[in-house]
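**Q** Based on what follows, work out the 3D shape:
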Amino acid sequence: MFEAIKRSQEEQGLDPWGPFADGEEWELIKWLFRHVGQTGIEEFTKLPITSKLHTSFSSKYALMKAIDKLPQSSEWNLKAITIEGDLLGQDGQRQTEEVEFWLCNPVDCIRELMANPTFCDSICFEPQQVFDDKEGMTRCYDEMWTADWWWEMQNRLPEGAAVVPVILASDKTSLSQFRGDQEVWPIYLTIGNISKDIRCQPSKHACVLLGYLPTTKLECFSRTTRSVAHYRLFHYCMTQILEPMVDAGKTGVPMTCPDGYVRHLYPILAAYVADFPEQCLITCCKESRCPKCTVACKNRGDLASSDARTPKHTLKNLQKYQKGDMQTKEFEDKLGLRAIYEPFWATLPHSDIFQSITPDILHQLHKGVFKDHIVAWCTEIIGEEELDARFRALTSYAGLHHFKKGISKCKQWTGADQKELQWVFLGVIAGAVDSRVLGAVCGVLDFIYYAQYQSHTEATLRKMDEALKRFHQNKAVFMDLGIRSDFNIPKIHSMIHYTTSIRLFGSADGFNTELPERLHIDLAKRAYRASNQRDYVIQMTKWLRRQDSLYLQDLFLTWYHSLKPDGVNLNNADDPDSLESGSESDIWVRRLNRFNMVNNERGYYLPTSCPLPNTPLSYVQETHQAPLLVQTLEAYLCATTFPMTRQPIRIHSFDQIDVFKYITILAPSCQHISDTKRLFRIRVSPESLPRDARKKPTPAIFDTALIVEDMREFTGSGIAGKYITHSTCVGQIKVIFKLPVSSFLGKTMHPLAYIHWFRPLQSFDDPTKMFCLTRSSRQHGPNAEVISVDRILHPCHIIPQWGDITDVDKFLLNCYIDLDLFDRLQL
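**A** Have a look, this model is predicted:
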């Protein structure tokens, strides 16, 4: 693709930036389109100072004409549809309605994704089997090419063919925030050949807009038939959009791939990402039924599998009902189908639409099972007042939303809010509900956390099944307490299909509906705001085409620069959004370079500038609640810095240290969570007075962490499973400090931390599957120690144990505070 652009520019005698003057003007144009609206661009071109820039354009119109000359991506096509309803008009004829929808050719979209050289290191064309052990016995399921579906498809195709697993996503969204009823229904496309880490980042442009479906109200139909008419219109439009994939999936299409080779590719619909209502719409099912299996309505709350739906049997039943060979009761009540006689997936080769429905972690688990059901049931058991009081009393944690007013008054919940509620919910309700309720909640939370793993083995999939089984074993408690009369809930039933989908398509994090929700911002809402809100779809497509042209031109310039290793960078190296300087790998490397590495896996970072230099020890002891700081510092220095001295080290309260308010810990990568190391902040901040006298003081924050208790028993590889109890312990960090350079006490290898220990991790709370903690004491005071910060492994969160009265000396070690700690604390 870029070779063709280069030849075209050379034939026209244009520079690489053409039709613009030079690289500086190109950077100006990118900035204008990124940060300035249409009206702002017009005003900018009319400013007197703009004429002194000597740009190649003098008005917005000229600029837009120049952008329209840039290389373009897939062409947008308009199709008009005349819909005939069942209502009669005043003339006695059936009413009609004219609608239009915009679409791109899906094969052309795939061709452009394949031609993008930035995906060269993140793309795969053949299935693989990955194992977690040297013996090749423990199978891993991660990327789509490591799962079973790809192997099955590869065996169906002729030798030398390459599979292109097409992933579609759709979600109707509102465009106007405060007034009006403007809606748009985008269809997105990506391919499973591209790594999920890349395709799930909107900035990588690995997921493209395929079309806008019509959002008409179909008022030419009566109320009783309008719903089915909506179903049929959706399937008709999808048939039109995906028509080019029928022949391409049967015979294959030669395409140039990111590595420069031409392969014979077969685009096959593999997965469809949608929320539950659209899943039913896609599969022609009623919303009271499962889109993947034939389970009866009254059996959806059971932990039992039913026969899977198949395209062959579904199409056969649709034809029988259309011919009148099947009763409505059997068709709708038993089979749960809608009368859609020409579904779009009927002609797609090698596709099983029911199998293609992927897990929806956001709507099914975070919002559905957990927030809408588990939280609501537990709130009814405990009571809103008591539950809110427990949330207000929670200890803080970096990144955790503090529900200072409780949760009963929250009206709008984002996906992030629902996740943070999961972090603490089990510990909050412990002591207020029956152990069976805790068992059910624990089962649901474990399932949700396992479902978010980026890499699975057969062991983690078994744990998912065990967690689901635990919920079903304890769910009867909600019926005993009068909260529920049944569990015939579609989203609870959907959990049965998760492990099967993971074995087929890889880990569920690659198919989350959070990506379409995020794409709405760039490909729907921003495009709508760029229009005049009247006849907006055609304006949105034009705006999107120009955005794609700018992105394509930027890719071309980056590629062109790569051909000239000694040349001048055509892009601005200081632009954080440029492809060169803004790449995540470069940013990550720069961040890692700031860390002091303890070993190859762990490290820490302190701010270069100390916020509280040369602070007297007496002041630190008082403000940081560190009464034994002087004594413990003396003991540490005697044991480490001056181990051979015969005279005891004397430290006075007027001696000074450099105090820091936080430390960032670099934790090792975790197989199931992330291939990269992870950053965690530990806060150590005393109470501070506000600048505004009307406000209350900011409360003190002293985070807790898992700390190596005995370095001789520590393996150096972090924390994992049962080994946590052998060499690590929980401590509350009260002070993070360094000895000043001019100090007579010398210099330590690492910064120091003053901590108050908790007792060893020996007691375990079975209902919550958490360690029990109590503060350690010595001589009627805290068990305090000064340690080197390289012994700090990972921040942790402790939750007070509630009874009739909150016991501030008893806590639970919260294993749900983040996915990394959850995985490492599994026993």
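**Q** Just give me the residue closest to the centre of this protein.
**A** Central residue check for the chain by Cα atoms, centre = their mean: the C-alpha nearest the mean position is that of E514, 6.3 Å away.
**Q** Report the contact partners of that residue.
**A** For E514, the contact set (Cβ atoms under 8 Å, 6 or more residues apart in numbering) comprises 361-362, 415. (Each C-beta comes from the backbone N, C-alpha and C, glycine too.)
**Q** Could you check how far it is from Y188?
**A** Applying Cβ to Cβ, to the nearest Å, the value for E514 to Y188 is 13 Å.
**Q** which residues do the two both contact?
**A** Listed contacts common to E514 and Y188 are nil; contacts here mean Cβ under 8 Å, 6+ apart.
**Q** For stretch 429-440, measure first residue to last.
**A** 12 Å (Cα to Cα, to the nearest Å).
**Q** which residues of the stretch 301-450 of the chain fall in helices?
**A** Here the stretch 301-450 of the chain has its helices, by DSSP state H, counting those that start in this stretch, at 311-323, 328, 353-356, 376-382, 384-392, 415-429, 435-451.
**Q** looking at these, which is closest to G37?
**A** Smallest distance to G37 across those (Cβ to Cβ): 28.2 Å, for helix 415-429.
**Q** Could you tell me which residues make contact with the nearest residue to K46 once chain neighbours are set aside?
**A** Among residues not flanking K46 along the chain, S59 sits closest, at 7.9 Å (Cβ to Cβ, 6 or more residues apart in numbering). With contact set as Cβ under 8 Å, 6+ apart, S59 has these partners: 42, 45-46.
**Q** Out of the helices of the stretch 301-450 of the chain, which gets nearest to L400?
**A** Minimum separation from L400 across the helices of the stretch 301-450 of the chain (Cβ to Cβ) falls at helix 415-429, 5.9 Å.
**Q** What's the local residue count around K542?
**A** By other Cβ atoms under 10 Å, 16 other residues sit near K542.
**Q** typo on my end, L218
**A** By other Cβ under 10 Å, 18 other residues sit near L218.
**Q** per-residue pLDDT, it?
**A** L218 is assigned 90 on the pLDDT scale.
**Q** now do P686
**A** 92.
**Q** Grab the nearest non-local neighbour of it.
**A** Leaving aside its chain neighbours, P686 sits nearest to T623 (4.0 Å; criterion: Cβ to Cβ, 6+ apart).
**Q** distance of that neighbour from V424?
**A** Going from T623 to V424 by Cβ to Cβ gives 28 Å.
**Q** Tabulate the contacts of E514 in a markdown table, adding columns for neighbour count and pLDDT.
**A** A markdown table is the format used below for these (neighbours: other Cβ atoms under 10 Å; pLDDT from 0 to 100):
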| residue | neighbour count | pLDDT |
| --- | --- | --- |
| I361 | 22 | 93 |
| L362 | 19 | 92 |
| G415 | 17 | 83 |
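**Q** Could you save the residues you listed as TSV and add columns showing distance to G301?
**A** Listed next are the contacts of E514 as TSV, based on distance: Cβ to Cβ, whole Å:
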residue	distance to G301
I361	21
L362	22
G415	26
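**Q** low pLDDT regions in this structure?
**A** Within the chain, the ranges that satisfy pLDDT under 70 run 177-180, 564-592, 641-648, 675-676, 712-726, 744, 803-808, 827.
**Q** try 50 this time
**A** Applying pLDDT under 50 to the chain picks out residues 566-583, 718, 721-723, 804-806.
**Q** mind checking the longest helix of this structure?
**A** Criterion DSSP state H: the longest helix present in the chain is helix 223-251.
**Q** my guess is L103 meets L210, correct?
**A** Yes - the pair L103 / L210 is scored as a contact, 6.8 Å apart, by Cβ atoms under 8 Å.
**Q** hang on, the earlier thing: filter the contacts of S59 down to the ones in strands?
**A** Among those, DSSP state E puts none in strands.
**Q** Let me know the closest of the residues you listed to G506.
**A** Nearest to G506 among the contacts of S59, counting by Cβ to Cβ, is E42 at 47.6 Å.
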